[in-house]
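*Asks:* any chance you could fold what I've pasted below:
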Amino acid sequence: MSVKKFILSCLTVATAFSVSAQETENVYVPNWYVQGQFGGQHTIGEIAFTDLNSFNAQLGVGYNFNEFWGTRLTVNGWKSKAGWKTTNKLTGNTLYESWSWNYVSPVVDVTANLANMLLGYNPDRLVNFGVFAGLGANVAFGNDEAIAANNRIVDEFNFTDRKALRHLWEGSKCFFTGRFGANVDIRISSNWAAGLEVNANLLNDKYNSKLAGTPDWYINALVGVKYTIGTSNKKQVVAPIVPNNVVEEKAAANDEIKALKDRIAELEAENAKCKAANESKKVVAVEPIRRDVFFTISSNVISSTELVKVQEVADYMKKYPASIVEVTGYADKGTGNPTLNAKYAQNRANAVVKALVAEGISESRIKSDSKGDTVQPFAEEVLNRVAICIVK
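*Replies:* Numbering: from 1, shown residues only. Predicted coordinates:
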């Protein structure tokens, strides 16, 4: 294994141990929920307790901003009740009247999770409890029973203005309402909970049609279920709290790791430069070629047919820029004398060099030599009037 791979392996193992040593915690996720509840209502009044009870239902949708605070919109409704009990001092008759009417009450609450505030956030807690308060409206309608009770009371007591119930209303009526209450939720699963809620609602004195000089009240007791949409928590990695000396040692180790990484990067850069330099110095192997340029007797002029050979040499050298050519001139021994033949041989070599330069080959890539008639490359004398080109 190379040093580089060994160092990287150590870094990987160190990182793995670091991650495994980290801890996780539950983080609250803001969420929506829907809620359905059913129960009963008791309207505060002066007649028998059981005569002022009625059924009640509530639907709601809410949003929890965090583990402590949220908001909720509910629509509560069904029936409210009221009553009148008095004795006619003239006749001795006791008059006992009760009536009911319908209502729908939308209310916006601010909710507070007391369990999380007091005990800390725990998504697996079995029982959560909280409080809420809100404002809304109460739209009441169907007050026919109150109108009939008013008429009976008037007949009994002979009210001259025909209005025993001083706040008697007809048709429909909208009242401002304030609400506060408490709730308990029992966890069924991560999304479902069963719950109990008790809320008290404060309204205008005119709500129950009677004149009392104090606000009217009704109290709802409800049971139901709540469904959380999506998830309300997630796991998040947190850094463990460690002593200062451990932090310092870890920082020093991190500095050493960073220095090692930087050194590895430097070595890799140097290696890349060396590879590039080696690539640039590579010499492409050239397969040697030979072309024999023949001349006529006592001549150093290259004929058109022989010039083709010169062009072939030039083209080959252009293809391989690192190649060089050796041009050697000769003369046949059977003609003339050594002095004259030396001149012919040199001129023939010079003629080929000049032709190669004309084809674009640099003189630095051409080596020229002349053998006169001292060397005869061919057995036939006529073939020794030649300039031999060998490309390497």
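*Asks:* okay, strands next: where are they in the protein?
*Replies:* 23-28, 31-43, 53-64, 69-87, 94-113, 127-141, 172-187, 192-203, 216-229, 233-238, 289-294, 325-329, 366-370, 386-391 (DSSP state E).
*Asks:* now render these as CSV, adding mean neighbour count and distance to I147.
*Replies:* Bear in mind the C-beta positions are built from the backbone N, C-alpha and C, glycine included. Listed next are those as CSV, based on neighbours: other Cβ atoms under 10 Å; distance: least, Cβ to Cβ, whole Å:
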stretch, mean neighbour count, distance to I147
strand 23-28, 12, 52
strand 31-43, 18, 18
strand 53-64, 17, 19
strand 69-87, 19, 13
strand 94-113, 18, 8
strand 127-141, 17, 13
strand 172-187, 17, 13
strand 192-203, 18, 19
strand 216-229, 18, 18
strand 233-238, 11, 54
strand 289-294, 17, 125
strand 325-329, 22, 127
strand 366-370, 17, 129
strand 386-391, 23, 125
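*Asks:* which one of the ones you listed lies closest to A269?
*Replies:* Among those, strand 233-238 comes nearest to A269, with 34.2 Å by Cβ to Cβ.
*Asks:* tell me how far the ends of stretch 115-132 are from each other?
*Replies:* End-to-end distance for stretch 115-132: 13 Å, by Cα to Cα, to the nearest Å.
*Asks:* for my notes, please list the strands of the chain in TSV and give mean pLDDT and distance to A379 for each entry.
*Replies:* Shown next, in TSV, are the strands of the chain (pLDDT from 0 to 100; distance: least, Cβ to Cβ, whole Å):
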stretch	mean pLDDT	distance to A379
strand 23-28	80	95
strand 31-43	96	105
strand 53-64	96	109
strand 69-87	92	113
strand 94-113	93	115
strand 127-141	97	115
strand 172-187	96	112
strand 192-203	96	111
strand 216-229	96	105
strand 233-238	74	92
strand 289-294	93	14
strand 325-329	95	18
strand 366-370	94	21
strand 386-391	92	13
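*Asks:* number of nearby residues for the residue nearest to N347 when sequence neighbours are not counted?
*Replies:* Closest residue in space to N347, ignoring its immediate chain neighbours: N300 at 3.7 Å, by Cβ to Cβ, 6 or more residues apart in numbering. Residues near N300, counting by other Cβ atoms under 10 Å, number 20.
*Asks:* residue contacts, N300?
*Replies:* Y344, N347, R348, N350, A351 (Cβ atoms under 8 Å, 6 or more residues apart in numbering).
*Asks:* which of the strands of the chain sits closest to Q376?
*Replies:* strand 386-391 (10.2 Å).
*Asks:* can you list the strands that that closest one pairs with?
*Replies:* strand 289-294 (antiparallel), strand 325-329 (antiparallel) (DSSP bridges).
*Asks:* mind putting the ones you listed in JSON lines, distance to G83 included?
*Replies:* Shown next, in JSON lines, are these (distance: least, Cβ to Cβ, whole Å):
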{"stretch": "strand 289-294", "distance to G83": "126"}
{"stretch": "strand 325-329", "distance to G83": "128"}
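*Asks:* now do the buried residues in stretch 295-313.
*Replies:* F295, N300, I302, E306, K309, V310, V313 (16 or more other Cβ atoms under 10 Å).
*Asks:* pLDDT averaged over it - what is it?
*Replies:* The predicted model assigns stretch 295-313 a mean pLDDT of 92.
*Asks:* which ones among the buried residues of stretch 295-313 map onto helices?
*Replies:* Those of the buried residues of stretch 295-313 mapping onto helices are E306, K309, V310, V313, per DSSP state H.
*Asks:* tell me the one of those residues nearest G195?
*Replies:* G195 lies nearest to V313 out of these, by Cβ to Cβ, at 100.3 Å.
*Asks:* any idea how far that closest one lies from G360?
*Replies:* 12 Å (Cβ to Cβ, to the nearest Å).
*Asks:* list residues touching both of these two?
*Replies:* Contacts common to V313 and G360, judged by Cβ under 8 Å, 6+ apart, are absent.
*Asks:* so who does A221 touch?
*Replies:* G39, G40, Q41, H42, L196, E197, V198.
*Asks:* beta partners of W192?
*Replies:* Y227.
*Asks:* now do G178
*Replies:* In beta-bridge terms (that is, DSSP bridges), G178 pairs with L135, L202.
*Asks:* mind listing what it touches?
*Replies:* Contacts of G178 (Cβ under 8 Å, 6+ apart): A133, G134, L135, N201, L202.
*Asks:* run a quick neighbour tally on A342.
*Replies:* Neighbours around A342, by other Cβ under 10 Å: 18.
*Asks:* just checking, it touches S370?
*Replies:* Yes: contact criterion Cβ atoms under 8 Å: A342 and S370 qualify, at 6.8 Å.
*Asks:* re the thing from before, and the contacts of N300, which are buried?
*Replies:* Buried among those by 16+ other Cβ under 10 Å: Y344, N347, R348, N350, A351.
*Asks:* just checking, the fourth one touches S368?
*Replies:* What it means is N350. Yes: using Cβ under 8 Å, N350 is in contact with S368, at 7.0 Å.
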